[in-house]
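Enquirer: below are the sequence and a predicted model for it; my questions follow.
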Amino acid sequence: MYYVTKTLEISASHQVTTDHGCKCETPHGHNWKVTVFCRAKELDEDGMVIDFTLIKKLVHGRIDHTNLNEVLDFNPTAENLARWIVDTVPNCYRAEVWETRDNMAAYELDD
């Protein structure tokens with residue numbers, strides 16, 4: 001099995017909706033740190049699991065310097081962002097989304 005990771009910094013704003021009400025329901029921004037984990041049993045014709053440039057295009061290119069509520073069709077929690085990344089990037093099996101240096105959410109496919 002081959003493995004690659006790509007770490008990105010995303011500057012974006014969002015507001016989340018919750019059942020309990022919290023200060024995150026007010027629009028605010030983060031400099032998110034995102035790590036994308038990909039794997040493949042075989043390399044592609046270029047000798048890669050996935051081109052790092054494609055990961056950047058699919059994630060950074062879609063959400064950097066945006067209001068996540070305007071470009072995504074779900075409640076943009078860190079957990080939901082991690083799931084969206086795994087669903088969006090080919091060969092991705094895990095994503096970590098850091099809102100702050102102390103707060104991280106991850107999503108990983110079950111095998």
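Expert: That came in fine, so what should we check first? Numbering: from 1, shown residues only.
Enquirer: per-residue confidence for residue 16?
Expert: Looking at residue 16, its pLDDT is 87.
Enquirer: so where does the closest residue to residue 65 other than its chain neighbours fall, helix or strand?
Expert: In this structure, residue 65 finds its nearest non-sequential neighbour in residue 11, 5.6 Å apart by CB to CB, 6 or more residues apart in numbering. Where you see a C-beta, it was placed from the backbone N, CA and C, and this is true even at glycine. Using DSSP states H and E, residue 11 sits within strand 2-14.
Enquirer: please enumerate residues in contact with that strand?
Expert: 27-43, 48-50, 52, 55-56, 59-60, 63-69, 76 (CB atoms under 8 Å, 6 or more residues apart in numbering).
Enquirer: CA atoms of the longest helix anywhere in the chain as PDB?
Expert: Longest helix in the chain, counting residues (DSSP state H): helix 78-88. This file holds the C-alpha atoms of helix 78-88, laid out as PDB (Å, rounded to 0.1, in the frame of the first residue of the first chain):
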ATOM      1  CA  ALA A  78     -15.000  20.800  11.200                       C
ATOM      2  CA  GLU A  79     -16.400  17.200  11.300                       C
ATOM      3  CA  ASN A  80     -18.600  17.800   8.200                       C
ATOM      4  CA  LEU A  81     -15.600  19.400   6.400                       C
ATOM      5  CA  ALA A  82     -13.500  16.400   7.200                       C
ATOM      6  CA  ARG A  83     -16.100  14.100   5.700                       C
ATOM      7  CA  TRP A  84     -16.500  16.300   2.600                       C
ATOM      8  CA  ILE A  85     -12.800  16.200   2.000                       C
ATOM      9  CA  VAL A  86     -12.700  12.300   2.100                       C
ATOM     10  CA  ASP A  87     -15.700  12.200  -0.200                       C
ATOM     11  CA  THR A  88     -14.200  14.800  -2.600                       C
END
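Enquirer: name the next helix or strand downstream of that helix, please.
Expert: strand 92-98.
Enquirer: output the contacting helices and strands for the following helix or strand past that next one.
Expert: Per DSSP H and E, the first helix or strand lying C-terminal to strand 92-98 is strand 104-108. The helices and strands touching strand 104-108, judged by 3 or more CB pairs under 8 Å, 6 or more residues apart in numbering; DSSP states H and E, are helix 78-88, strand 92-98.
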